[in-house]
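K.L.:
what shape does this take:
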Amino acid sequence: MRFSRTSTALGLLAVAALALTGCGGGASTGGSGQAAGDPNKIITAYSNEPQHPLMPANTNEVYGGRVVELLFEGLTSYDASGKTVNELADSIDTTDGQNYTIKVKKGTKFTNGEEVTAKSFVDAWNFAALSTNAQASSSFFESIEGYDAVSATKKETGADGKSNDVPAPTAQTMSGLVLKDDYTISVKLSQPEADWPQRLGYSAFMPLPAEALKDPKAFGENPIGNGPYKMAAKGAWQHDSQIALVKNADYQGERTAKNGGVTFKFYTDPAPAYTDIQANNLDVTDVLPTNALKTYTTDFPDHNLNKAYAGNATLNIPNYLPEFQGEAGKLRRQAISMAINRDEITKVVFSGTRIPAKDFTSPSIDGYNDNVPGSDVLKFDAAKAKDLWAKANAISPWPAGKVLQLAYNTDGGNKEWIDAVANNLKNNLGIQAEGQPFAKFAEILNLRKAKTLPGFTRAGWQADYPSLFNFLGPVLQTGASANYEGYSNPAFDKLLQEGLASKTTADANQKFTQAQEILFQDLPNLPLWYQARQVVWSQNVSNVDSGWNGDLLYYNITAK
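P.N.:
Residues are numbered from 1 along each chain as shown. This is a model prediction of the structure:
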């Protein structure tokens, strides 16, 4: 759940730590410039093939998300600092933190001419929550009364003999979500959550036109939104190549485009994109090849940005791997964590553009604690790691000749640090470990979702809204939308729910910190480092900057 705006002090602390390593900052390198530019010229930007069709509630990964965020407008949005700004909401009112009345602005339209009304939201939210629709972000609606009925599942044995959860809803709509009139929505939550409205700028809560629900798959290929951009034409998504967006001239919100459109070019390796920027054949990239982290400020002296944001990197451990279950598995998780030299990797591989992790969240978020009990397991200690590994083997020996595979996507500049981690494990634990490369991020996500990864996987979290809970609930709560590795601990879940029901942000953050103590005991994933966004751009554009969550503000980029 989102709480207050991003903590300025902690955000500046993270930026300062990065600055000490000699990396540039956005304000001094053109990130905040205000060039006039050509308002009709198309800009080109780095991206990759989205995992799913572009339905807002089914798009929960970076490359699809950056498109959906530009195509749709919700009740609220977030400014560059993370502050909530009303968009299609005239008002969001409550007297008790449990019952909300939402008034939707009149007169706005989808790009097909259909008016955006309260029904556009109610129907979209019910569709997203219903388990038979299998939307990836359905759990974002779990606070609304009646969610349990529409999201219900049952166990069935598949043809492979495995027990699977299959949709079995007992209702089609959430009882706590009521359409009062054309422009009024009534929402009843299952418990008071005074800061629930702060979630509503996330893409899962976007409205949908009527035709989206008639044929969701077809709609996802050619989505019709209400945001600052629209699809350039039917078929503008050329799979494995690009997605072309153009400015929505009828858009009246806070994110008015200063360019004529954005064409996202798909790359499976950031190195060619970097070369294309140098040749002015691509306008902007927010993913740099690792070897460029030493040179990007001199390669692009007036066209670079380095900015901390609410994001982290982790190494995730599938709960279904037998070697990492039980007491032996817990010891192995600890051993691997302590065998990784985070300080060395962030300095050598990332040239100081990352900060070693001390928790499961981000320093940019209000309530961040760099001294959670149990977090010493993140400190490099080769001798202790070897001892823990030996104790695990005494309980259940590591299979002879087994290679621990570390899955990563080549489009994200991950090979070098994955190789460094693999070498740490070989040198400090005496086991064989190696990278498992995939050309597309979506390929890894599909394997994670199917629970068929043979080993660990690189992962990370870019905040959906500025809150500690958003780093914990969607990723690690039992059955959550992004909990692909299958972690489950009732005590952890209970603390999350107590935090959500807290009356103050401070009380909630205390519960979320206690929940992290359990995570440090279980280590469902291994926190590695906090993220910062490095961006370079061509001579053809200016006014490039990123927001509180690391997303580029594409609508503000001006073309020359």
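
K.L.:
just the C-alpha atoms of stretch 72-83, please, in PDB.
P.N.:
Extracted C-alpha coordinates of stretch 72-83, given in PDB (Å, rounded to 0.1, in the frame of the first residue of the first chain):
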ATOM      1  CA  PHE A  72      -4.000   5.100 -20.000                       C
ATOM      2  CA  GLU A  73      -5.000   7.600 -17.400                       C
ATOM      3  CA  GLY A  74      -6.400   6.700 -14.000                       C
ATOM      4  CA  LEU A  75      -8.100   8.400 -11.100                       C
ATOM      5  CA  THR A  76      -4.700   9.700 -10.000                       C
ATOM      6  CA  SER A  77      -1.200   9.900 -11.200                       C
ATOM      7  CA  TYR A  78       2.200  10.500  -9.500                       C
ATOM      8  CA  ASP A  79       4.400  13.500 -10.100                       C
ATOM      9  CA  ALA A  80       8.200  13.200 -10.500                       C
ATOM     10  CA  SER A  81       8.700  13.100  -6.700                       C
ATOM     11  CA  GLY A  82       6.000  10.400  -6.100                       C
ATOM     12  CA  LYS A  83       3.300  12.800  -4.900                       C
END
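
K.L.:
in it, which of the residues would be classed as buried?
P.N.:
By neighbour count, and taking 16 or more other Cβ atoms under 10 Å as the criterion, the buried residues in stretch 72-83 are Phe72, Glu73, Gly74, Leu75, Thr76, Ser77, Tyr78, Gly82. Every residue, glycine included, has its C-beta placed from N, CA and C.

K.L.:
format these as JSON lines; extra columns: pLDDT.
P.N.:
Output for these, formatted as JSON lines (pLDDT from 0 to 100):
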{"residue": "Phe72", "pLDDT": "98"}
{"residue": "Glu73", "pLDDT": "97"}
{"residue": "Gly74", "pLDDT": "97"}
{"residue": "Leu75", "pLDDT": "98"}
{"residue": "Thr76", "pLDDT": "95"}
{"residue": "Ser77", "pLDDT": "90"}
{"residue": "Tyr78", "pLDDT": "86"}
{"residue": "Gly82", "pLDDT": "82"}
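
K.L.:
which one of the residues you listed is nearest Thr157?
P.N.:
Of all those, the one sitting nearest Thr157 is Phe72; the distance, using Cβ to Cβ, is 38.9 Å.

K.L.:
and the buried residues of stretch 72-83, which two are furthest apart?
P.N.:
Spanning the widest gap among the buried residues of stretch 72-83 are Phe72 and Gly82, at 19.0 Å by Cβ to Cβ.

K.L.:
so which residue is dead centre in this structure?
P.N.:
Central residue of the chain (Cα atoms, centre = their mean): Gln462, 3.5 Å from the mean position.

K.L.:
quick check: closest non-adjacent residue to it.
P.N.:
Once its chain neighbours are removed from consideration, Gln462 has its nearest residue in Gly311; the separation is 4.4 Å (Cβ to Cβ, 6 or more residues apart in numbering).

K.L.:
where does the stretch 1-150 of the chain dip in pLDDT?
P.N.:
The model of the stretch 1-150 of the chain has pLDDT under 70 over residues 1-36.

K.L.:
if we go to 80?
P.N.:
1-36, 80-81 (pLDDT under 80).

K.L.:
cool, and the chain?
P.N.:
Across the chain, residues meeting the criterion (pLDDT under 80) sit at 1-36, 80-81, 157-164, 194-195, 412-413.

K.L.:
what residues sit buried inside the top helix by length along it?
P.N.:
Among the elements of the chain assigned as helix by DSSP state H, the one spanning the most residues is helix 505-522. Across helix 505-522, burial judged by 16+ other Cβ under 10 Å covers 505, 508-516, 518-522.

K.L.:
how about Gln497, secondary structure?
P.N.:
In the three-state summary, Gln497 is assigned as helix, counting by DSSP: H, G, I helix; E, B strand; the rest coil.

K.L.:
now it. Nearest residue, chain neighbours left out?
P.N.:
Spatial nearest neighbour of Gln497, chain neighbours left out: Gln191 (7.9 Å); criterion: Cβ to Cβ, 6+ apart.

K.L.:
next one: Asp381
P.N.:
Met338 (4.7 Å).

K.L.:
what helix or strand is the residue nearest to Leu523 when sequence neighbours are not counted located in?
P.N.:
If the residues on either side of it in the chain are set aside, Leu523 comes closest to Arg333, at 3.9 Å by Cβ to Cβ, 6+ apart. With the criterion set as DSSP states H and E, the secondary-structure element containing Arg333 is helix 326-339.

K.L.:
and Thr59, how far from Leu468?
P.N.:
23 Å (Cβ to Cβ, to the nearest Å).

K.L.:
let me fix that, I meant to ask about Val535.
P.N.:
Val535 sits at a distance of 26 Å from Leu468 (criterion: Cβ to Cβ).

K.L.:
then Ser351?
P.N.:
Taking Cβ to Cβ as the measure, Ser351 and Leu468 are separated by 29 Å.

K.L.:
with neighbour numbers in mind, choose between those two.
P.N.:
The neighbour comparison of Ser351 against Leu468 (other Cβ atoms under 10 Å) goes to Leu468, with 30 against 20.

K.L.:
what residues are up against the nearest residue to the more buried one once chain neighbours are set aside?
P.N.:
Counting by Cβ to Cβ, 6+ apart, Phe512 is the residue found nearest to Leu468 once chain neighbours are left out, at 4.3 Å. Contacts for Phe512 (Cβ atoms under 8 Å, 6 or more residues apart in numbering) come out as Thr361, Gly367, Leu468, Phe469, Leu472, Leu495, Leu496, Gly499.

K.L.:
how about those residues in CSV, adding distance to Ala89?
P.N.:
Conversion of these to CSV gives the following (distance: Cβ to Cβ, whole Å):
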residue, distance to Ala89
Thr361, 27
Gly367, 25
Leu468, 24
Phe469, 21
Leu472, 27
Leu495, 31
Leu496, 26
Gly499, 25
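
K.L.:
most neighbours among these, please name it.
P.N.:
Of all the contacts of Phe512, the most densely surrounded is Leu468 (30 neighbours; neighbours counted as other Cβ under 10 Å).

K.L.:
tell me which residues touch Ser203, please.
P.N.:
Pro56, Ala57, Thr59, Gly65, Val68, Glu69, Phe72, Gly74, Ser137, Asp464.

K.L.:
ignore the last one, Ala357
P.N.:
Shown in contact with Ala357 (Cβ under 8 Å, 6+ apart): Asn312, Ala313, Arg342, Leu378, Pro527, Leu528, Trp529, Tyr530.

K.L.:
helices - which of those land there?
P.N.:
Among the contacts of Ala357, the ones falling in helices (DSSP H) are Arg342.

K.L.:
what sits against Thr346?
P.N.:
By Cβ under 8 Å, 6+ apart, the contact set of Thr346 is Gly352, Thr353, Arg354, Ile355, Pro356, Trp529.

K.L.:
and which of those residues is nearest to Tyr555?
P.N.:
Of all the contacts of Thr346, the one with the least separation from Tyr555 (Cβ to Cβ) is Thr353, at 25.7 Å.

K.L.:
hmm, Tyr530 and the closest one touching each other?
P.N.:
No - if you go by Cβ atoms under 8 Å, Thr353 and Tyr530 don't touch, sitting 10.4 Å apart.

K.L.:
for the stretch 451-560 of the chain, what spans make up the helices?
P.N.:
For the stretch 451-560 of the chain, the helices identified by DSSP state H, counting those that start in this stretch occupy 468-476, 490-500, 505-522, in order along the chain.

K.L.:
can you list those in a markdown table and add distance to Ala218?
P.N.:
Conversion of these to a markdown table gives the following (distance: least, Cβ to Cβ, whole Å):
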| stretch | distance to Ala218 |
| --- | --- |
| helix 468-476 | 28 |
| helix 490-500 | 36 |
| helix 505-522 | 40 |
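
K.L.:
neighbours around Leu213, how many?
P.N.:
Neighbour count for Leu213, taken as other Cβ under 10 Å: 15.

K.L.:
and the residue lying closest to it once chain neighbours are set aside, which of the three is it?
P.N.:
Of all residues not flanking Leu213 in the chain, Phe127 sits nearest, at 5.6 Å (Cβ to Cβ, 6+ apart). Secondary structure of Phe127, reduced to three states by three-state DSSP: helix.
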